[in-house]
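K.L.:
What follows is a predicted structure for the sequence shown.
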Amino acid sequence: MDLHVRYEGDDDPKKCTARRLAKFDLVTLHRSARATPRGIVLDPYAEQALSPADRTEADALVALDCSWETAEEEAFRLSGPHRALPFLVAANPVNYGTPFQLNTVEAFAGALCILGEREQAETVLSKFRWGHTFLELNAEPLGRYAAADDSAEVVAIQQEYLDAGADGADGEDASDGA
Ligand SMILES: C[S@@+](CC[C@H](N)C(=O)[O-])C[C@H]1O[C@@H](n2cnc3c(N)ncnc32)[C@H](O)[C@@H]1O
């Protein structure tokens, strides 16, 4: 699957995962929205969650590489169906353990796994020291999302993880108070 990045260039270039992927010819960077080809846009603000049913939507994935500070809804004006990634946890050293807030390579890898392109996910992650940790941390949800039929099923699976997290937090409160 082709991987495209609308590259904003407002993040630390040394830590930018999209630039590193481009160095290995694994993604193509584009400096404007107009120059960015149509594809499934990985957009945390999208109403619909990515699911295996999106395989027929496009043969390209598009991410917006920018700082999280500038990653506002308007910044995602890119052509193609917009999809949010379901509950997955970041494994990179900057945001380790944070759900939903993935960096660009993690977002591509998560999407590729859900769309049945596991080998390509492993290839992009292999360029990062901590890359394999992303697949280890998210092994169970990624397997379940990839086996789902559609977005509604993905959202139902995601809800189980969110509920389990909320129960865990309640549990901690109770023991703190004991
Ligand atoms: C905000 S940028 C941050 C990039 C980071 N500076 C890097 O070096 O990789 C991460 C991009 O990954 C995609 N992404 C991250 N989390 C996502 C989610 N939960 N749903 C959809 N796309 C997501 C979006 O395209 C988002 O703009």
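P.N.:
In hand now; what should we look at? Residues are numbered from 1 along each chain as shown.
K.L.:
what residues does this structure put near the ligand?
P.N.:
Within the chain, the positions lying close to the ligand (C-beta under 6 Å from any ligand atom) are 11, 15-18, 42-44, 63-66, 68, 71, 84-85, 100-104, 107. In short, each C-beta sits where N, CA and C put it, glycine included.
K.L.:
These in helices, which ones?
P.N.:
Counted as lying in helices by DSSP state H, out of the residues of the chain next to the ligand, are Thr17, Ala18, Thr104, Ala107.
K.L.:
What sits closest to the residue nearest the centre of the chain if chain neighbours are left out?
P.N.:
Nearest to the geometric centre of the chain sits Ala107, at 2.1 Å (C-alpha atoms, centre = their mean). With C-beta to C-beta, 6 or more residues apart in numbering as the criterion, Ala107 has its nearest non-adjacent residue at 4.9 Å, and that residue is Leu42.
K.L.:
burial of that neighbour, as a residue count?
P.N.:
Using other C-beta atoms under 10 Å, Leu42 has 24 other residues around it.
K.L.:
what about the residue nearest to the centre of the chain, distance to Asp163?
P.N.:
Per C-beta to C-beta, to the nearest Å, Ala107 is found 24 Å from Asp163.
K.L.:
same thing with Asp59?
P.N.:
Counting by C-beta to C-beta - Asp59 and Asp163 are separated by 35 Å.
K.L.:
before we move on, what about Thr28?
P.N.:
39 Å.
K.L.:
Those two: which has the busier surroundings?
P.N.:
Taking other C-beta under 10 Å, Thr28 and Asp163 do not tie; Thr28 has more neighbours (18 against 10).
K.L.:
Let me see the contact set for the closest residue to that one other than its chain neighbours.
P.N.:
Of all residues not flanking Thr28 in the chain, His4 sits nearest, at 5.3 Å (C-beta to C-beta, 6+ apart). The contact partners of His4, by C-beta atoms under 8 Å, 6 or more residues apart in numbering, come to Val27, Thr28, His30, Thr36, Pro37, Gly39, Ala60, Leu61, Val62, Ala63.
K.L.:
Switch those residues over to TSV; also include secondary structure.
P.N.:
Below are the contacts of His4 laid out as TSV (DSSP: H, G, I helix; E, B strand; the rest coil):
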residue	secondary structure
Val27	coil
Thr28	strand
His30	strand
Thr36	coil
Pro37	coil
Gly39	coil
Ala60	strand
Leu61	strand
Val62	strand
Ala63	strand
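K.L.:
Let me know the closest of those residues to Lys127.
P.N.:
For the contacts of His4, the minimum distance to Lys127 (C-beta to C-beta) is 10.5 Å, reached by Val27.
K.L.:
so that closest one makes contact with Met1?
P.N.:
No. The pair Val27 / Met1 is not scored as a contact, 10.8 Å apart, by C-beta atoms under 8 Å.
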